[in-house]
Structures are given as C-alpha cells and as structure tokens.
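Q: Below is the structure, and that's it, no one-letter string:
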C-alpha cells in the first residue's frame, strides 16, 4: 500500500447499511471498513454492489466460531471452511486481507498447538492457491493467554507461508499481558521484529486492530472507547509514523467511526 489507512470495524454506527455507510466514511474522511462476518460468511447482493462500487479499502474478519485446534475433527473442518469462505468473499470484493482468531490451547503445550495450526493453514492456503486467490491470510494476536496467538507464534507462522502475515491487535496484546505492551518502545520493538523477521513487505502491507480495552489478570474483558481507556494510542501512532508503516488500521472501539477519525486526525498531525 502507499499509505496508512484508517478503517471501521463494520458499517459505521451512524449509517443504515453499506451504501449509507460508505457515504459516512467519505464525509468523515475515513478510508474503508472491515467486513464483520460474525456468525457466518453472508453478504447480500445489494451490499456486495455497494462494496464493489465504493472504491475503499476492504478487509474482512472471519466468523468467531473458529478453532483450528479443536478436539473434534468436524469443528476443525468447519473452521477451515469458514476461513476459506471469508477469503473467497473478500477477494471477490477486492479485499486487502482477512483476519481471524486462529485457535485455543485447550490446556496443551504451545508447540503441538503451533503444529496443528500450521497444518490447517497449509490446507487453507493450498485450497486458495488453486483459484489463484492471493489475499493476505492473517491470524490475529489474541487478548487472552488461553488463546493461541502471541506475536512470536504468528510471526513464526508467517515465515512459513507466502500469503500469511500477522494481524497485530495492539489492544489484545495490551490486555494479554495485563497492561503491558503500551509504551512507545514496546510498539517500536513490534515493528522492528516484524520488519526484521518478515521483511519490508510486512510493514508496507500492515493490518492492525486498535481500540480502547478493559482487561484483568486473565486478559481481555471488553473493548472501550479510546479516551475511556489507558490504551496509549498516541505513542502507538507515533511509532507507526516513525517506521513509515503502510496498510490498514481497523478501529474496534464501541464508537468505531469516531475513534477511527480521532486516530487519523492525530496521525496526520504528527
């Protein structure tokens, strides 16, 4: 990408449907949205038409019923299919990348879970390759220690597949470590790690989630508006600027369009 873009997680709250949503984005100077396939990969023909004609940056979040480490084979198969369907639909709509919460540890050691996730990602990327679908596939950093997906695991996985890169949810990392990962130096270290391990392509095609967040000893509780949280978004955006990161920041605050605008205006002021 040629710049850093600011997106809402779903249709703006002040809009009625996708067509109206893109008008709101235009009026607010925002750059696009993330399709939220919460319970299934479904989008009407009317909504497809609105997305296709909007000329905006599009990402997609796979349904939340995904666990590539499920004990039941049918749940793993269903998870694989949901990710593939998300990638296919997003690709048809000119999407930039898709993201998902990949797995739970389920009391297992980290290494066998990593191998299980890798096995399923190999199936997913293999199926998409058959149709020449090269959309970025992005496991998301997760907000609880019971969930697979710390930065190290996702960077390691990304090194093994041509079309896999991280989706860095900075709020999740902040919550996962019970208030850590919230200083300028922490954010710089993340960008340094990704740049060194995955190359400039990863910094030029970044996919991030940012929101205020409530957390406790067990990690993430719920999203908050940025100004009602301790999320150090200003230093985070300063690190984005200093590393010249390009791509998409998706705002997941409860007031999605307002905080997306807040972040974009602050970023442009730097």
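A: The structure has been received and is ready for your questions. Since we're looking at a predicted model, the values are computed, not measured.
Q: tell me the strands in the stretch 101-250 of the chain, going along the chain?
A: Counting by DSSP state E, counting those that start in this stretch, one finds strands in the stretch 101-250 of the chain at the ranges 103-104, 136-139, 147-148, 168-169, 206-210, 212-216, 219-224, 247-251.
Q: Let's have these in CSV, adding mean neighbour count and mean pLDDT.
A: Any C-beta I mention is one placed from the backbone N, CA and C, and that applies to glycine too. Formatted as CSV, the strands of the stretch 101-250 of the chain follow (neighbours: other C-beta atoms under 10 Å; pLDDT from 0 to 100):
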stretch, mean neighbour count, mean pLDDT
strand 103-104, 22, 98
strand 136-139, 25, 98
strand 147-148, 22, 98
strand 168-169, 26, 98
strand 206-210, 25, 98
strand 212-216, 19, 98
strand 219-224, 18, 98
strand 247-251, 26, 98
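Q: Kindly reformat those strands as JSON lines containing distance to residue 114.
A: Shown next, in JSON lines, are these (distance: least, C-beta to C-beta, whole Å):
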{"stretch": "strand 103-104", "distance to residue 114": "9"}
{"stretch": "strand 136-139", "distance to residue 114": "11"}
{"stretch": "strand 147-148", "distance to residue 114": "8"}
{"stretch": "strand 168-169", "distance to residue 114": "18"}
{"stretch": "strand 206-210", "distance to residue 114": "21"}
{"stretch": "strand 212-216", "distance to residue 114": "24"}
{"stretch": "strand 219-224", "distance to residue 114": "19"}
{"stretch": "strand 247-251", "distance to residue 114": "25"}
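Q: quick one, which of those is nearest to residue 11?
A: Ranking those by their distance to residue 11 (criterion: C-beta to C-beta) puts strand 247-251 first, at 12.8 Å.
Q: returning to that earlier point: mind checking which of the strands of the stretch 101-250 of the chain is nearest residue 10?
A: Minimum separation from residue 10 across these (C-beta to C-beta) falls at strand 247-251, 9.4 Å.
Q: Strand 206-210 and the closest one, what's the angle between them?
A: When axes from the mean of the first three to the mean of the last three C-alpha atoms, to 10 degrees is applied, the directions of strand 247-251 and strand 206-210 differ by 10 degrees.
Q: roughly how far out does strand 247-251 sit from the chain middle?
A: 8 Å (C-alpha atoms, centre = their mean, to the nearest Å).
Q: So which residues of this protein form helices?
A: For the chain, the helices defined by DSSP state H occupy 17-28, 45-52, 73-92, 110-130, 151-158, 170-176, 184-198, 200-204, 233-242, 256-269.
Q: Mean neighbour count, the ones you listed: which tops it?
A: helix 170-176 (a mean of 26; mean count of other C-beta atoms under 10 Å).
Q: Show the average pLDDT along that helix.
A: What helix 170-176 shows for mean pLDDT is 98.
Q: switch to numbering from 433
A: Right, with 433 as the first residue, what we last looked at is helix 602-608.
Q: what sits up against that helix?
A: With contact meaning C-beta atoms under 8 Å, 6 or more residues apart in numbering, helix 602-608 is reached by 572-577, 582-583, 612-614, 619, 622, 640-647, 651-653, 655, 663, 668, 684.
Q: hmm, 6 Å instead?
A: Applying C-beta atoms under 6 Å, 6 or more residues apart in numbering, the contact partners of helix 602-608 are 573-575, 613-614, 642-643, 645, 647, 651-652, 663, 668.
Q: Tell me the one among the residues you listed nearest to residue 599.
A: Proximity of the contacts of helix 602-608 to residue 599 (C-beta to C-beta) peaks at residue 573, which lies at 7.1 Å.
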